[in-house]
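> output the structure for:
(one chain, ligands or ions: 2)
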Amino acid sequence: MHMQPTVDTRPVDPIVAPPAEIRISGLEKVYKTERGATHALSDINLEIRKEEFVSLIGRSGCGKTTLLRIMAGLVPPTSGDIEIGGRALWHGESVDSSVIRKLGVVFQDSNLFPWYDIEDNIALPLRLRGVKKAARRARARELAELVGLADFLGNYPRELSGGMRQRAAIARALSDNPELLLMDEPFGALDAMTREKMNLEIQRIALATRATVVFVTHDIDEAVALGDRVVHLTPRPGRIKDIVTVPMDRPRGVEIKQDPGFHELVGNLYASLNEEGDHES
Ligand SMILES: Nc1ncnc2c1ncn2[C@@H]1O[C@H](COP(=O)(O)OP(=O)(O)OP(=O)(O)O)[C@@H](O)[C@H]1O
Ligand SMILES: [Mg+2]
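Ligands and ions are numbered 1, 2, ... in the order given. Now for the predicted structure:
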């Protein structure tokens with residue numbers, strides 16, 4: 001048989017940077033209480049590409065949670081703008097709910113509802129949106145498989161370990177196909193072994209769902225192991241001190257911790273954080 005040479009005549013994609021998924025500009029946050037004002041964030045400017053994994057580090061009280069809560073539509077900024085997928089998230093003190101729908105949020109505590117089983121917890125965002133029971137069940141099962149909880153859909157949160165609850169919380173955050181996953185120290189309460197496992201899981205999940213991720217941690221190793229870039233925030237007021245690119249392919253396994261390049265990045269970030277001194281409040 002005569003073989004025709006195959007010629008690919010499709011046009012070649014131009015090599016361009018992918019569009020910025022998130023654009024934060026001139027962001028300021030001042031909390032006002034009876035005891036005075038706290039300038040929590042100052043002049044935050046950051047662009048995050050689609051499908052990028054950004055780690056956010058900094059000392060306790062430097063404003064990491066504040067930045068994430070503003071990005072999640074939970075706390076309004078004092079001034080400045082956040083665009084997600086080309087749309088402004090905040091208009092003064094009100095949020096654009098069509099932008100909120102693109103987000104999935106995971107906090108340090110899994111915040112599952114104790115009176116719902118895992119299936120109902122995972123599917124809650126869908127129920128709030130009026131999705132029918134059968135479709136919710138199917139989606140909950142799919143996500144439970146993704147996070148390794150397929151055998152626990154009928155269990156209650158109290159019957160799960162801390163790591164399993166965090167995985168359920170991640171599944172819930174993913175249930176409505178978020179374009180952006182915001183995670184605030186999601187593995188802070190886990191032991192070292194479980195944490196290592198979750199680090200692998202979250203990379204696998206991020207790649208599978210193609211979500212853009214902003215991941216807060218105070219663990220520098222974790223920040224470098226997971227991030228395409230590491231954003232370092234300094235306190236009082238919280239500002240971006242530097243942004244470090246981690247030039248290694250993802251997903252990354254535990255072997256990255258043997259890599260001299262990894263150690264150099266971690267060492268530099270440690271030094272940079274230490275320059276801030278020990279003035280914990
Ligand atoms: N609701 C609030 N009202 C008043 N001040 C607040 C509020 N939330 C946070 N702050 C202040 O804002 C600053 C930043 O706090 P934030 O929780 O964002 O820090 P963080 O980097 O997440 O710290 P940690 O690593 O300890 O979680 C702190 O000085 C804190 O006291
Ligand atoms: Mg915090």
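> in the helix or strand harbouring Asp43, what's buried?
Assigning secondary structure by DSSP states H and E places Asp43 in strand 36-49. Residues of strand 36-49 classed as buried under the neighbour-count rule (16 or more other Cβ atoms under 10 Å) are 38, 40-42, 44, 46, 48-49. The way it works is simple: take the backbone N, C-alpha and C, and place the C-beta from them, glycine included.
> quick check, the residue in this protein closest to ligand 2?
Of the chain, the residue with the smallest distance to ligand 2, taken as Cβ to the ion, is Thr65 at 3.1 Å.
> quick revisit: wondering if the strand holding Asp43 reaches ligand 1 at all.
Yes. Strand 36-49 comes into contact with ligand 1 when judged by Cβ under 6 Å from any ligand atom, the residues involved being 38, 40.
> ok, Gly238 to Phe262 distance?
Noted for Gly238: a distance of 26 Å to Phe262, by Cβ to Cβ, to the nearest Å.
> quick one: which of the two has more around it?
Counted by other Cβ atoms under 10 Å, Gly238 and Phe262 do not tie: Gly238 has more neighbours, with 25 against 18.
> shouldn't that one be in contact with Leu68?
No. Counting by Cβ atoms under 8 Å, no contact exists between Gly238 and Leu68, whose distance comes to 11.6 Å.
> returning to that earlier point: chain center to the strand holding Asp43: distance?
Computed by Cα atoms, centre = their mean, to the nearest Å, the separation of strand 36-49 from the middle of its chain amounts to 17 Å.
> go on, stretch 93-106?
On Cα atoms, centre = their mean, the centre of stretch 93-106 falls 14 Å from the chain's centre.
> any residues touching it, and which ones?
Contacts to stretch 93-106, defined as Cβ atoms under 8 Å, 6 or more residues apart in numbering, come from residues 68, 71-73, 76, 84-85, 87-90, 129, 166, 169-170, 172-176, 178-184, 186, 211.
> kindly tell me how buried Glu142 is, as a neighbour count.
Counted with other Cβ under 10 Å, Glu142 comes out at 14.
> to clarify, my last question referred to Asn274.
9.
> what packs against the helix ranked longest in the chain?
In terms of residue count, the longest helix belonging to the chain (DSSP state H) is helix 192-209. For helix 192-209, the packing partners by 3 or more Cβ pairs under 8 Å, 6 or more residues apart in numbering; DSSP states H and E come out as helix 162-174, strand 180-184, strand 212-216, helix 220-226.
> ok, and for that helix, which residues are buried?
194-199, 201-203, 205-206, 209.
> repeat for stretch 207-227
When neighbours are counted by 16+ other Cβ under 10 Å, the buried residues of stretch 207-227 are found to be 209, 211-227.
> the bottom helix or strand of this protein by mean pLDDT?
Among the secondary structure pieces of the chain, namely its helices and strands, helix 192-209 has the lowest mean (mean pLDDT, DSSP states H and E), a mean of 85.
> low-confidence ranges in the stretch 51-200 of the chain?
Regions of the stretch 51-200 of the chain meeting the criterion pLDDT under 70 are absent.
> now the strands for it?
In chain order, the stretch 51-200 of the chain shows strands spanning 53-57, 79-84, 87-88, 90-91, 94-95, 103-106, 180-184, with DSSP state E, counting those that start in this stretch as the criterion.
> nearest to ligand 1, of these?
Evaluated over the strands of the stretch 51-200 of the chain, closeness to ligand 1 peaks at strand 180-184, with 7.3 Å, by Cβ to the nearest ligand atom.
> great, nothing more from me.
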